[in-house]
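Peer 1: 3D, please:
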Amino acid sequence: MSDGSNNKKMSIIVTKGTLDWAYPPFILASTAASLDVDVTMFFTFYGLQLLKKDVSHLQISTLGNPGMEMPMMGMHMTMPNIVSMIPGVDAMASSMMKNLIKKKGVASIEELRDICVESDVKIIGCQMTLDLFEWTPDIMIPEMQLGGAATYMGKALESDINLFI
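Peer 2: Model prediction:
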């Protein structure tokens, strides 16, 4: 007899710390949690940037991002990789993206992260990465638990869905 709960589990390894790569893990985690999936997010290496209390520094990296198109002046502008070498291009593209996000009413990273916290998504920061980058837990969100590869593996081995983002 079912109690109506989903009983599915999902784990996500978050390894990227740019603005554009911040959205997929938080959107997928919050959506899964809303469907009663037990979600664990494991943030390691540059993904740990997303757990800092202040994420206003997040930028887009235009380098190696050939699919990047931005709506501009009534058309979609692509950015050749060579443009990435010009100082300030990433900051300009990031500012444009942040403005577009706000204009279109898309939730901010902080808002999506808060939804995950409110939805009981387990948020684990990699202890080794914290030590490697010489960061301290006080600069991270208080909801972050510390763990390592073994912590992640324990969750992943129980999961129905494992994602690497």
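Peer 1: which element, helix or strand, includes the residue nearest the centre of the chain?
Peer 2: Central residue of the chain (CA atoms, centre = their mean): A22, 3.0 Å from the mean position. Per DSSP states H and E, A22 falls inside helix 19-34.
Peer 1: tell me the helix or strand right after that helix.
Peer 2: Using DSSP H and E, the helix or strand that follows helix 19-34 towards the C-terminus is strand 38-43.
Peer 1: what angle separates that following strand from helix 19-34?
Peer 2: If you take axes from the mean of the first three to the mean of the last three CA atoms, to 10 degrees, strand 38-43 sits at 160 degrees to helix 19-34.
Peer 1: now name the helix or strand holding the residue nearest to I161 when sequence neighbours are not counted.
Peer 2: Spatial nearest neighbour of I161, excluding adjacent residues (CB to CB, 6 or more residues apart in numbering): M10 at 4.1 Å. Bear in mind the C-beta positions are built from the backbone N, C-alpha and C, glycine included. Here M10, judged by DSSP H and E, is contained in strand 9-14.
Peer 1: that strand: how far from the chain's middle?
Peer 2: With CA atoms, centre = their mean, to the nearest Å as the basis, strand 9-14 stands 11 Å off its chain's centre.
Peer 1: mind listing the residues bridging to F164?
Peer 2: Beta-bridge partners for F164, by DSSP bridges, are I13.
Peer 1: can you pull the pLDDT of it?
Peer 2: The per-residue pLDDT reported for F164 equals 96.
Peer 1: please shift the residue numbers so they start at 58 in all later answers.
Peer 2: Okay, using 58 as the starting number, the last item reads as F221.
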